[in-house]
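K.L.:
please work out how this folds:
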Amino acid sequence: MPPVGWDAIRQPKPGVDCLKARDGGGLGGPDRPRASLTPQFRAWRCRMVCGMSQSDYVRRLAELAVSLGANLQPGQIVAVGSEPGKEQLARAIAEAAYRRGAKFVDLSVFDLHFKRARVRHAPPDTLAYVPPWIGERVLALGEHRAARIVLTGPVAPHLMDGLDPALVGKDMLPSVKESSAVVNARTTNWTVVPCPTPGWAGLVHPGLDPEQALDRLWRGIAHVCRLDQPDPIATWVSRLDRLTEIAATLDAHGLDALRLKGPGTDLTVGLLPSVRWLAARFSTTDGIVHVPNIPTEEVFTSPDPERVDGVVRATKPLFTAGALITGLQARFERGRAVDIDADQGAGTLRSLTQRDAGAARLGEVALVDRESRIGALDTVFFETLLDENAASHLALGHAFEFAVETEQDRNRLNQSEIHIDFMVGSNDVAVTGLTREGSEVPILRDGVWQI
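P.N.:
Sure thing, here's the model as predicted:
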């Protein structure tokens, strides 16, 4: 039997797939059969993770990012976003991309030490400035229908400690507002993958020596990315199928709102009339299906930014704008976060929510069940990509235009330069749907889907 590839993901399901796939978005593109995975990846995926070295993990993750995440097509430009300390994975991605037929692989590196120097010494009124060519580059990637791969995970998690959090929150780089525009325009096939580093490993596993901590972090990443399966792509196809089924069921209930209730949380999140629930199975305007996050365990949508009321307590730490935020609590009134507190880092988040009119309102609500491999590890990764897929979460800031179907509702979606996820779910947080007819629909109880 040929290896399972993107053909399985590309089959549109009425009411399920978030975007309609077209010809040309398969594993190998219109001129390449689905069995044409690189020989190296066919060999790697048939081996179990036991006994594998760090270099094996790197190669497998690079191939997964290129083949499954971005679903790179022959002849495409590839933009890789990285940081100092992530060279091994970035170079492996370049190798995998060129083997797959990339026209050019472009590397963009952001050094957090430059950001620290700026916060310490630059005039405060200049910290929000972004040189125009940085955003123009992102827009150009969309114009050229490029593929994008971003490596995430903190390299120096304590670098911003001791700095004024209000100043740290003014500088959003490397994030730029043009990224949201390109995502909503669906002009690039893109993915974000974690890249373990010694600094990150020390944060997650502080009780181990550096080498042991890095090895343990890599093994954890391999597990949650399903690199420990004989066929990671087939395993991901199966998981995505389940999540798209859940999204379709939520759509069928015609929910008007969600209620989240648990320790420190009693929050009602309104939904727009034409809302659609999505899994992380995206398609570009040219029909290239891709997975924007590896790993992904969520179903999500964009809420009504004016109908969020109550209190919510984060269940995991948040690392954003170079700062660590723990013990986050927020109170919402008529959609706006009117009170933000935290055990650590509250000032940074308060500063971010003052960036523009939509920064203190929600742009996303996402649900995650306890089948998540990330949640099952019971490990705090201090990295939003991972921690948000361990638990249900909310996001302050920009909404997804493709999460609603009517122009009227698109005009009501939240607009902002930021999009910051924070985790609010756990087995102790019950999620209930409220229909437009006034009935209640149990959705999550003890972390288990009830629909």
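K.L.:
quick one: pLDDT of the residue nearest to residue 144 when sequence neighbours are not counted?
P.N.:
Leaving out its chain neighbours, the residue that sits closest to residue 144 by C-beta to C-beta, 6 or more residues apart in numbering is residue 77, at 5.6 Å. C-beta: built from backbone N, CA, C; applies to glycine. Looking at residue 77, its pLDDT stands at 98.
K.L.:
one more: the one 3 residues further on?
P.N.:
Listed pLDDT for residue 80 reads 98.
K.L.:
quick one: name whatever helix or strand follows the helix or strand hosting it.
P.N.:
Take DSSP states H and E as the rule and residue 80 turns out to sit in strand 77-82. Later in the chain than strand 77-82, the nearest helix or strand by DSSP H and E is helix 87-99.
K.L.:
which elements pack onto the next helix or strand after that following helix?
P.N.:
Note on helix 87-99: by DSSP H and E, the next helix or strand toward the C-terminus is strand 104-109. Under the contact definition 3 or more C-beta pairs under 8 Å, 6 or more residues apart in numbering; DSSP states H and E, strand 104-109 sits against strand 77-82, helix 87-99.
K.L.:
which one of those lies nearest to residue 411?
P.N.:
strand 77-82 (30.6 Å; C-beta to C-beta).
K.L.:
in its sheet, what does the closest one sit against?
P.N.:
Take DSSP bridges as the rule and strand 77-82 pairs in its sheet with strand 104-109 (parallel), strand 147-152 (parallel).
K.L.:
which residues are contacting that strand?
P.N.:
For strand 77-82, the surrounding residues in contact (C-beta atoms under 8 Å, 6 or more residues apart in numbering) are 66, 70, 72, 89-90, 93-94, 97, 102-110, 141, 144, 146-151, 174, 195.
K.L.:
and if we set it to 6 Å?
P.N.:
By C-beta atoms under 6 Å, 6 or more residues apart in numbering, the residues outside strand 77-82 that reach it are 90, 93, 97, 102-109, 141, 144, 146-151.
K.L.:
show me which of the residues you listed are buried.
P.N.:
The neighbour count (16 or more other C-beta atoms under 10 Å) marks 90, 93, 97, 102, 105, 108, 141, 146-151 as buried among the contacts of strand 77-82.
K.L.:
and of these, the nearest to residue 376?
P.N.:
For the buried ones among the contacts of strand 77-82, the nearest to residue 376 is residue 151 (24.2 Å; C-beta to C-beta).
K.L.:
nearest residue to that closest one other than its sequence neighbours?
P.N.:
Closest to residue 151 by C-beta to C-beta, 6+ apart is residue 195, at 4.1 Å.
K.L.:
read off the pLDDT value for the one you found.
P.N.:
97.
K.L.:
measure it to residue 62 for me?
P.N.:
10 Å (C-beta to C-beta, to the nearest Å).
K.L.:
what's residue 138 sitting at in phi/psi?
P.N.:
Per-residue torsions, residue 138: phi -60, psi -40 (degrees, to the nearest 10).
K.L.:
neighbours of it, just the number please.
P.N.:
If you count neighbours by other C-beta atoms under 10 Å, residue 138 ends up with 22.
K.L.:
pull the contacting residues for it.
P.N.:
Each residue near residue 138 by C-beta under 6 Å, 6+ apart is listed here: 178-179, 182.
K.L.:
where does the nearest residue to it once chain neighbours are set aside sit: helix, strand or coil?
P.N.:
Distances taken as C-beta to C-beta, 6+ apart place residue 178 nearest to residue 138, at 4.2 Å, with adjacent residues excluded. What DSSP: H, G, I helix; E, B strand; the rest coil gives for residue 178 is helix.
K.L.:
quick one, domains of this protein?
P.N.:
7-231, 234-449 (automatic domain parsing).
K.L.:
pick the most deeply packed of those domains.
P.N.:
domain 234-449 (a mean of 20; mean count of other C-beta atoms under 10 Å).
K.L.:
pLDDT of that domain, averaged?
P.N.:
The model assigns domain 234-449 a mean pLDDT of 93.
K.L.:
and the end-to-end length of it?
P.N.:
Length of domain 234-449, first residue to last, C-alpha to C-alpha, to the nearest Å: 23 Å.
K.L.:
which helix or strand contains the closest residue to residue 333 other than its chain neighbours?
P.N.:
Nearest residue to residue 333 in three dimensions, chain neighbours excluded: residue 309, at 6.2 Å (C-beta to C-beta, 6+ apart). For residue 309, the element it lies in under DSSP H and E is strand 308-313.
K.L.:
show me what the following helix or strand past that strand is packed against.
P.N.:
Following strand 308-313 in sequence order, the next helix or strand is strand 318-320 (DSSP H and E). Helices and strands touching strand 318-320, as assessed by 3 or more C-beta pairs under 6 Å, 6 or more residues apart in numbering; DSSP states H and E, are absent.
K.L.:
centre of the chain to the helix or strand just after strand 318-320, how far?
P.N.:
The helix or strand immediately downstream of strand 318-320 is strand 323-325, counting by DSSP H and E. Put simply, strand 323-325 sits 18 Å off its chain's centre (C-alpha atoms, centre = their mean, to the nearest Å).
K.L.:
partners of strand 323-325, with directions?
P.N.:
strand 318-320 (antiparallel).
K.L.:
please save the CA atoms from the strand holding residue 309 in PDB.
P.N.:
Extracted C-alpha coordinates of strand 308-313, given in PDB (Å, rounded to 0.1, in the frame of the first residue of the first chain):
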ATOM      1  CA  VAL A 308     -18.100  38.400  26.200                       C
ATOM      2  CA  ASP A 309     -18.900  38.700  29.800                       C
ATOM      3  CA  GLY A 310     -17.600  37.300  33.100                       C
ATOM      4  CA  VAL A 311     -14.300  36.300  34.600                       C
ATOM      5  CA  VAL A 312     -11.700  33.800  33.500                       C
ATOM      6  CA  ARG A 313      -8.500  32.400  35.000                       C
END
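K.L.:
what's that strand packed up against?
P.N.:
strand 265-270, strand 329-333.
K.L.:
that one pairs with which strands?
P.N.:
Here strand 308-313 has these sheet partners by DSSP bridges: strand 265-270 (antiparallel), strand 329-333 (antiparallel).
K.L.:
out of those, which comes closest to residue 370?
P.N.:
The nearest among the strands paired with strand 308-313, by C-beta to C-beta, is strand 265-270 at 17.0 Å.
K.L.:
and after that closest one, which helix or strand comes next?
P.N.:
In N-to-C order, the element after strand 265-270 by DSSP H and E is strand 278-279.
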